[in-house]
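Undergrad: after the sequence you'll find the predicted model.
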Amino acid sequence: MSRWRSVWLVAKREILERGRSRGFILSVLFTTLLVIGSFVVPTILFGDEQAKAIGVVEPTPPGLETALTATAGQLDQTISVVPLPDAAAASAALDSGEVDAVLEVPADLSAPGTIRFAEEPDQGLGQIASAAVVALRVQDLLADANVDPTELLAAQQAPAIDSLDPQTDADQSRFLFANIGAVLILIGIFSFGFTVLTGVIEEKQSRVVEVVLSTVRARDLLMGKVLGIGILGLIQLVVFVGAALGAAVLTDRFTLPETTPGAVALLAVWFVLGYALYSTALGFLGALASRLEEASNASTPVTMIAMASYFVAILGVINDPAGLVARVATYIPVSAPFVVPLRAAFDAIEPLEIVIALVVTIVAIWVLFTIGARVYAGAVLQTAGRMKIRDAW
């Protein structure tokens, strides 16, 4: 039997056994529902909020409704103004919930008037009503002083707001997408990488590995296990990302940038490379342990390196995506899967840098697998306690 056929048979075994398990299926379904719910639930709860209603008791000062609407627009709020014939009708509308607040101002603006609520005051509505009434009273006072309304309007115009490098919704979406991608890579490393680790220990503890190694080389067994579990991880990633993108488009929660297909492809590539790198290390470290209780100690070095690499990406790249820390981390295999997608989201990485990072990481995976396969072969059949790497080598 050829070597690659052996690797594929081991991978196929992992895919069928773990992919058909109830735990895996329920995990994928539950997480997918959580992803979709994170977009749908806020839309249901907050996406279709009705405009708040302010009742105004007639007779009203001229221009009150226009002032209220304009003030609400300046505060990025939407309101509706409901005329009410008298104070009694206003109280009834407030009690029935027809309006959220009632504003009563003298028609001649001789007094500031009152704002009433049914229960707790709404600070937003109170601010809108107060600002509108104050603006009308100031305009009325200045008009009595023969101030030109055109000059008054020009004096009230706010300064223009501009930015040298404005961030569009698409830019923010790219960053959010890359940040979520880094989190997914970290989760994939821990969840599926630890599946490789525990799988190795379970087979070693139950002595199943002795039967498998009678027909398959240890190196091929490790490669097939990493490949099979990695395929399941990639399938799960595709489901999650597809659900998130579909829910985002349907709910209009954020604008997908034009570079989304490329970002998805880049995320998939670095997910595969990050998983291959870390799961290979976890696989041969798992062979050093003889019991599941020792799995935590065996995986501590990899866990610490993965967490440190993630924080370097989040803290270093976000603060300065083109800085020295980000550039150096791009070419370090353990941090590249986290750093490269984030730098790409900021347009702070050249295509040549991505290619070099890919080559360096692939070479590192090959070297690690060569070393790991020898350690795995020397340790996987030893059951007399935890081994040292030197002894397994």
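TA: Cool, the structure landed.
Undergrad: drop to CA atoms for contacts and neighbour counts, all remaining ones
TA: OK.
Undergrad: return the distance of the strand or helix carrying residue 35 from the chain's centre.
TA: In this assignment (DSSP states H and E), residue 35 forms part of helix 22-42. Taking Cα atoms, centre = their mean, to the nearest Å, the mean C-alpha location of helix 22-42 is offset from the chain mean by 15 Å.
Undergrad: and stretch 89-100, by the same measure?
TA: Worked out by Cα atoms, centre = their mean, stretch 89-100 lies 42 Å from the chain centre.
Undergrad: buried stuff in that stretch?
TA: 90-91, 93-94, 99-100 (16 or more other Cα atoms under 10 Å).
Undergrad: next: stretch 68-80.
TA: Buried, per 16+ other Cα under 10 Å, within stretch 68-80: 68-72, 78-80.
Undergrad: how about the helices in the stretch 1-150 of the chain?
TA: 3-19, 22-42, 64-74, 87-96, 123-144, 149-155 (DSSP state H, counting those that start in this stretch).
Undergrad: hang on, the earlier thing: quick check, nearest of the buried residues of stretch 68-80 to residue 224?
TA: Nearest to residue 224 out of these is residue 78 (Cα to Cα; 59.2 Å).
Undergrad: residue ranges of the helices in the stretch 251-393 of the chain, please?
TA: Under DSSP H, counting those that start in this stretch, the stretch 251-393 of the chain gives helices at 260-288, 295-311, 318-319, 324-330, 336-345, 351-379, 389-392.
Undergrad: out of those helices, which comes closest to residue 129?
TA: Among the helices of the stretch 251-393 of the chain, helix 318-319 comes nearest to residue 129, with 41.1 Å by Cα to Cα.
Undergrad: show me the contact partners of that closest one.
TA: For helix 318-319, the external contacting residues (Cα atoms under 8 Å, 6 or more residues apart in numbering) are residue 342.
Undergrad: what do you get if the cut-off is 7 Å, keeping everything else the same?
TA: Residues from elsewhere that reach helix 318-319 (Cα atoms under 7 Å, 6 or more residues apart in numbering): none.
Undergrad: just send the buried residues of stretch 89-100 back as TSV, with pLDDT and distance to residue 265 too.
TA: What follows is the buried residues of stretch 89-100, written out as TSV (pLDDT from 0 to 100; distance: Cα to Cα, whole Å):
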residue	pLDDT	distance to residue 265
90	85	59
91	86	60
93	86	56
94	84	55
99	87	51
100	86	49
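Undergrad: give me the distance from stretch 262-278 to the chain's centre.
TA: In terms of Cα atoms, centre = their mean, the centre of stretch 262-278 is found 16 Å from the chain centre.
Undergrad: state the mean pLDDT of it.
TA: Per-residue pLDDT over stretch 262-278 has a mean of 81.
Undergrad: okay, the helices of the stretch 251-393 of the chain in TSV with distance to residue 51 and mean neighbour count next?
TA: Listed next are these as TSV, based on distance: least, Cα to Cα, whole Å; neighbours: other Cα atoms under 10 Å:
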stretch	distance to residue 51	mean neighbour count
helix 260-288	34	23
helix 295-311	42	17
helix 318-319	37	15
helix 324-330	46	20
helix 336-345	36	27
helix 351-379	48	18
helix 389-392	67	13
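Undergrad: distance to residue 105 for those helices - can I get that in TSV?
TA: Listed next are those as TSV, based on distance: least, Cα to Cα, whole Å:
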stretch	distance to residue 105
helix 260-288	53
helix 295-311	57
helix 318-319	51
helix 324-330	60
helix 336-345	53
helix 351-379	65
helix 389-392	84
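Undergrad: by pLDDT, rank the buried residues of stretch 68-80 and give me the bottom one.
TA: Minimum pLDDT across these falls on residue 78, with 79.
Undergrad: may I have the phi/psi pair for that residue?
TA: For residue 78, the backbone dihedrals (degrees, to the nearest 10) come out as phi -120, psi 130.
Undergrad: residues contacting it?
TA: 51-52, 72.
Undergrad: what would those residues look like in JSON lines with distance to residue 60?
TA: Shown next, in JSON lines, are these (distance: Cα to Cα, whole Å):
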{"residue": "51", "distance to residue 60": "21"}
{"residue": "52", "distance to residue 60": "19"}
{"residue": "72", "distance to residue 60": "18"}
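Undergrad: between those, which is closest to residue 300?
TA: residue 51 (54.0 Å).
Undergrad: excluding chain neighbours, what is closest to that closest one?
TA: What sits nearest to residue 51 in space, not counting adjacent residues and going by Cα to Cα, 6 or more residues apart in numbering, is residue 79, at 4.9 Å.
Undergrad: can you check residue 330 too?
TA: In space, and not counting its chain neighbours, residue 330 is closest to residue 336: 4.8 Å by Cα to Cα, 6+ apart.
Undergrad: need the contact list for that neighbour.
TA: By Cα under 7 Å, 6+ apart, the neighbours of residue 336 are 329-330, 357.
Undergrad: tally of neighbours for the closest residue to residue 339 other than its chain neighbours?
TA: Among residues not flanking residue 339 along the chain, residue 313 sits closest, at 4.9 Å (Cα to Cα, 6+ apart). Neighbour count of residue 313, defined by other Cα atoms under 10 Å: 28.
Undergrad: wait, residue 313 sits on residue 341?
TA: No. Shown here, residue 313 and residue 341 do not form a contact pair, counting by Cα atoms under 7 Å, at 9.5 Å.
Undergrad: give the contact list for residue 90.
TA: Applying Cα under 7 Å, 6+ apart to residue 90 gives the contacts 55, 57, 84, 102.
Undergrad: now swap in residue 82 and tell me
TA: Contacts for residue 82 (Cα under 7 Å, 6+ apart) come out as 53-56.
Undergrad: list the contacts of stretch 357-365.
TA: With contacts defined as Cα under 7 Å, 6+ apart, stretch 357-365 is touched by 276-277, 330-331, 333, 336.
Undergrad: now those residues as CSV including distance to residue 17?
TA: As requested, these are exported to CSV (distance: Cα to Cα, whole Å):
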residue, distance to residue 17
276, 20
277, 23
330, 36
331, 36
333, 31
336, 32
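Undergrad: can you tell me which of those is nearest residue 235?
TA: residue 276 (14.8 Å).
Undergrad: so what pLDDT did residue 16 get?
TA: Note on residue 16: pLDDT of 82.
Undergrad: what is the burial count for it?
TA: Neighbourhood size, residue 16 [other Cα under 10 Å]: 12.
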